[in-house]
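Colleague: I'd like to go over a predicted model; first the sequence, then the structure.
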Amino acid sequence: MKILLLLALFAQAERVNPLASRPDALPGGAKLFKQKCAMCHGEDGRGTSKAPDLSRDELQALSDGELFQKITGGNVRRDMPSFSNIPELQRWQLVLKLRSLVKAH
C-alpha cells in the first residue's frame, strides 16, 4: 500500500500545469490567493508569523506538480489545510500565482 501511495505522489509531482501558457488565468489565481492564502502567507506572499515566505528559492525550485500537490494535500505538521475542495483548475491558478512571487534579489 505504501508503494502505491508513493507512486501516486510521484505521478502527481510530475503533472504539468495546463494553464502554464495562459497568463490570463493569473488574475483568478491572485483572487483565490487573497481569499484562501493571504491570511497566513500575507497579501504579498512573503510570509507572516503564521506561514512561510512563498517566494523562497526552495519553494520556487519545486515543479508545478509538486506545488499543486502541496496545495491539494496541505501540510498537517505546519497547520496548512488541504485545498482539495477547490476545483482543480483553480488550484492550477494558485500555482500560477505562486510562480509570480519570485523574490527580488
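Modeller: Here it is on my side, so go on.

Colleague: Burial check on Leu101, number of neighbours?
Modeller: By the criterion of other C-beta atoms under 10 Å, Leu101 has 17 neighbours. In this view, the C-beta of every residue, glycine as well, is placed from N, C-alpha and C.

Colleague: which residues does it contact?
Modeller: Residues in contact with Leu101 (C-beta atoms under 8 Å, 6 or more residues apart in numbering) are 44-46, 54-55, 60.

Colleague: so where does it fall, helix or strand?
Modeller: In this assignment (DSSP states H and E), Leu101 forms part of neither any helix nor any strand.

Colleague: how far away is it from Leu54?
Modeller: 5 Å (C-beta to C-beta, to the nearest Å).

Colleague: joint contacts of those two?
Modeller: Here Leu101 and Leu54 have 45-46 as joint contacts, going by C-beta under 8 Å, 6+ apart.

Colleague: Determine whether the claim that Pro27 is in a helix is correct.
Modeller: Yes. Judged by DSSP: H, G, I helix; E, B strand; the rest coil, Pro27 forms part of a helix.

Colleague: Which two of the contacts of Leu101 have the greatest separation?
Modeller: Within the contacts of Leu101, two members stand farthest from each other by C-beta to C-beta: Asp44 and Gln60, at 14.8 Å.

Colleague: just to revisit the earlier point, quick check: ChimeraX command selecting the buried ones in the contacts of Leu101.
Modeller: Selection of buried members from these for ChimeraX, criterion 16 or more other C-beta atoms under 10 Å:
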select :45,54,55
